[in-house]
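Asks: what follows is a protein structure lacking sequence information:
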């Protein structure tokens, strides 16, 4: 692939972008810095799309080549300009750069936000504020347990997060599955249901989901989730495997369907036929996303052509992971029971999304076009034994393109950590043949584009990455403080460290969540439509 030579001349000012965000039209606002940089400071409605993954992820995030796109970085002169060139080469026709970048945004008097999935996190706080979602503290939960009260504790996160750490005795049931499966788990309408997550958002949304669905039981969110529990000096459980039942009690389905119908009426949830969706997908002026909201097991057993797996609770929790275009259509697919998709749609509509339920779900027969994979450069590979000989002879440079935290724990001796942003400068230091090591070969191939365009032609890819190196029996080394924190632009420390027993990071994270509402201006607040009267 050759470097695009046309410098994009289209820029938008901060004031213009503010208007675009609220003009009702489709807009993909993409922050192309790396994940750690994004998490430290970004625009509220920006979608993270690191330059290191640009060509790999743009097709799913922004499926329409004519979509209106604005790219942002720190100053509008760096990686956003290069990303605009790359997108132009891919056929995207309406690409602009935020003039002056994020610095110009703040200079214009607008707010930048820390963290990830901020619109969804903000949404959770707005939901609690609007609905007055009932909650219990960690101490109250301990008292309930000691008193022998009748309650069940449900973890609204996916199973992998539940297994990492949860409240002792909690059972995994992701939020979108809660109204569908809870009647198979809780038989007594007097049993109290308490929903937990790692922090606040999914506890609040899980509890309010059950309340909105009309569950007869008393329902509560566990305030501050596992972090609140740990900050109360209580022990967490690790490696738990308790999970939702695979099958729903057939006798419960009629009542579930009736509750779903009431929810649909309350929130004006709309359904759409497969034929209409196929027509939408052929349109040139609107983007349509197909999201299968079922469990991983169900998705693995079979889905509709062109659909992506977006578990319903996670789609609400991290909408920007799947949807990069504001005001695009989102079509939700469940098992045809017409319970989970309406539940998810009711929340996405309150998030300000144009959400639809596919009639008959997985049984609809919908067939969507499959997007083509991006063209990547072909790079010769090198096997671990050959690389070992070259390193022993000091005849190559090895650049590790995995996550910075993974590099700190384990890497090939003598290798250096790098990223696509800076790889040409890193490889050019030694004037030796360059070998790229990465768990994801396509990430290395994207980085190789920068090398090839910089005139560095002798580039190879380690076949099988670090796993192949260790499998061959060769040693690895660790460097806990390298790269330095300031260089780890792919890692957001305050978000991740809270899961490693860092109480200060937990307090910082919870303070961040609860402080989000105060950062909203009136115009951005109106983008959320929390409550049945606002959808």
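Replies: In hand now; what should we look at? Keep in mind it's a predicted model, so treat the numbers as computed, not measured. Numbering: from 1, shown residues only.

Asks: what does stretch 142-152 contact?
Replies: Outside stretch 142-152, the residues within contact range by Cβ atoms under 8 Å, 6 or more residues apart in numbering are 136, 169, 171, 185, 186, 188, 190, 191, 192, 193, 194, 234. Glycine gets a C-beta too; all of them are placed from N, C-alpha and C.

Asks: among those residues, which are located in helices?
Replies: Counted as lying in helices by DSSP state H, out of those, are residue 185.

Asks: and the contacts of stretch 142-152, which are buried?
Replies: Neighbour-count burial (16 or more other Cβ atoms under 10 Å) applied to those gives 136, 171, 185, 186, 192, 193, 194.

Asks: from these, pick the one nearest residue 402.
Replies: Using Cβ to Cβ, residue 171 comes nearest to residue 402 of the buried ones among the contacts of stretch 142-152, at 34.3 Å.

Asks: right, and the closest one touches residue 157 too?
Replies: No - in this structure residue 171 lies outside contact range of residue 157 using Cβ atoms under 8 Å: 11.5 Å.

Asks: okay, and residue 265 sits in which element?
Replies: helix 253-267 (DSSP states H and E).

Asks: give me the buried positions along that helix.
Replies: 256, 259, 260, 263, 264, 267.

Asks: would you turn those into CSV with pLDDT?
Replies: Shown next, in CSV, are those (pLDDT from 0 to 100):
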residue, pLDDT
256, 95
259, 96
260, 96
263, 96
264, 96
267, 95
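
Asks: the residues you listed: which two are farthest apart?
Replies: Maximum distance among those (Cβ to Cβ): 16.5 Å, for 256 and 267.

Asks: quickly note the distance from residue 109 to residue 297.
Replies: According to Cβ to Cβ, to the nearest Å, residue 109 and residue 297 sit 49 Å apart.

Asks: do residue 247 as well
Replies: Applying Cβ to Cβ, the value for residue 247 to residue 297 is 11 Å.

Asks: ranking helices and strands of the protein by mean pLDDT, which lands last?
Replies: When each helix and strand of the chain is scored by mean pLDDT, DSSP states H and E, helix 493-496 comes last, with a mean of 74.

Asks: what helices and strands are in contact with that helix?
Replies: helix 503-515 (3 or more Cβ pairs under 8 Å, 6 or more residues apart in numbering; DSSP states H and E).

Asks: pull out the buried positions in the helix it packs on.
Replies: Buried residues in helix 503-515, counted by 16+ other Cβ under 10 Å: 505, 506, 508, 509, 510, 512, 513.

Asks: and what of stretch 316-336?
Replies: By neighbour count on 16+ other Cβ under 10 Å, the buried set for stretch 316-336 is 316-326, 328-335.

Asks: ditto for stretch 268-284
Replies: Going by neighbour count (16+ other Cβ under 10 Å), the buried part of stretch 268-284 is 269, 271, 272, 274, 277, 278, 280, 281.

Asks: ok now stretch 128-139, how far from the chain's centre?
Replies: 25 Å (Cα atoms, centre = their mean, to the nearest Å).

Asks: first-to-last residue distance for that stretch?
Replies: Taking Cα to Cα, to the nearest Å, stretch 128-139 runs 20 Å from one end to the other.

Asks: what does that stretch contact?
Replies: Contacts of stretch 128-139 (Cβ under 8 Å, 6+ apart): 127, 144, 194, 200, 203-204, 207-208, 211, 218-224, 228-229, 231-232, 234, 517, 530-531.

Asks: swap in stretch 405-412?
Replies: Stretch 405-412 is contacted from outside by 387, 391, 398, 400, 402, 417, 437, 439, 466, 469-470, 474, 476-483, 488, 491, 496, using Cβ under 8 Å, 6+ apart.

Asks: buried among those? Make that a ChimeraX selection.
Replies: Buried members of those, defined by 16+ other Cβ under 10 Å, are picked up in ChimeraX with:
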select :387,391,398,400,402,417,437,466,469,474,483,488,491
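
Asks: okay, the buried residues of helix 503-515 in a markdown table with pLDDT and distance to residue 73 next?
Replies: Below are the buried residues of helix 503-515 laid out as a markdown table (pLDDT from 0 to 100; distance: Cβ to Cβ, whole Å):
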| residue | pLDDT | distance to residue 73 |
| --- | --- | --- |
| 505 | 83 | 26 |
| 506 | 88 | 30 |
| 508 | 87 | 25 |
| 509 | 87 | 25 |
| 510 | 89 | 29 |
| 512 | 90 | 23 |
| 513 | 90 | 26 |
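
Asks: and of those, the nearest to residue 36?
Replies: Closest to residue 36, out of all of those and judged by Cβ to Cβ, is residue 505, at 14.3 Å.

Asks: so how far is residue 230 from that closest one?
Replies: Relative to residue 230, residue 505 is positioned 11 Å away (Cβ to Cβ).

Asks: and the helices in the stretch 301-450 of the chain?
Replies: With DSSP state H, counting those that start in this stretch as the criterion, the stretch 301-450 of the chain has helices at 312-317, 340-350, 384-392, 404-409, 423-427, 441-453.

Asks: and these as TSV, adding distance to residue 90 and mean pLDDT?
Replies: Below are those laid out as TSV (distance: least, Cβ to Cβ, whole Å; pLDDT from 0 to 100):
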stretch	distance to residue 90	mean pLDDT
helix 312-317	26	95
helix 340-350	28	97
helix 384-392	32	93
helix 404-409	27	94
helix 423-427	20	83
helix 441-453	12	93
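
Asks: quick one: the helices in the stretch 101-250 of the chain?
Replies: Ranges of helices within the stretch 101-250 of the chain are 101-107, 118-131, 138-146, 159-164, 178-185, 201-213, 225-231, based on DSSP H, counting those that start in this stretch.

Asks: pick the most buried one from these.
Replies: Highest mean neighbour count among the helices of the stretch 101-250 of the chain (mean count of other Cβ atoms under 10 Å): helix 201-213, with a mean of 26.

Asks: quick one: list the elements packing against it.
Replies: For helix 201-213, the packing partners by 3+ Cβ pairs under 8 Å, 6+ apart come out as helix 118-131, strand 135-136, helix 178-185, strand 192-196, strand 219-222, helix 253-267, helix 312-317, helix 340-350.

Asks: partner strands of the shortest one, parallel or antiparallel?
Replies: Strand 135-136 pairs in its sheet with strand 219-222 (parallel), by DSSP bridges.

Asks: how about the secondary structure of residue 290?
Replies: Taken by DSSP: H, G, I helix; E, B strand; the rest coil, the conformation at residue 290 corresponds to strand.

Asks: against residue 32, how distant is it?
Replies: Note on residue 290: its distance to residue 32, by Cβ to Cβ, is 25 Å.

Asks: likewise for residue 86?
Replies: Residue 86 sits 9 Å away from residue 32, going by Cβ to Cβ.

Asks: same check, this time on residue 49
Replies: For residue 49, the distance to residue 32 (Cβ to Cβ) stands at 6 Å.

Asks: ok, now residue 522?
Replies: Here the distance between residue 522 and residue 32 works out to 29 Å (Cβ to Cβ).

Asks: between those two, which is the more surrounded one?
Replies: residue 32 (30 against 6; other Cβ atoms under 10 Å).

Asks: OK, contacts around the more buried one?
Replies: By Cβ under 8 Å, 6+ apart, the contact set of residue 32 is 49, 50, 51, 54, 71, 72, 73, 79, 80, 83.

Asks: just residue 58 next, same as before
Replies: Shown in contact with residue 58 (Cβ under 8 Å, 6+ apart): 49, 87, 90, 92, 324, 374.

Asks: which residue sits closest to residue 369, ignoring its sequence neighbours?
Replies: Nearest residue to residue 369, sequence neighbours excluded (Cβ to Cβ, 6 or more residues apart in numbering): residue 306, at 6.1 Å.

Asks: the one you found against residue 291, yeah?
Replies: No - with contact defined as Cβ under 8 Å, residue 306 and residue 291 do not form a contacting pair (10.9 Å).

Asks: the two: which has the busier surroundings?
Replies: Neighbours per residue, other Cβ under 10 Å: of residue 306 and residue 291, the larger number sits with residue 291, 23 against 18.

Asks: surely that one touches residue 333?
Replies: Yes - if you go by Cβ under 8 Å, residue 291 and residue 333 touch, sitting 6.6 Å apart.
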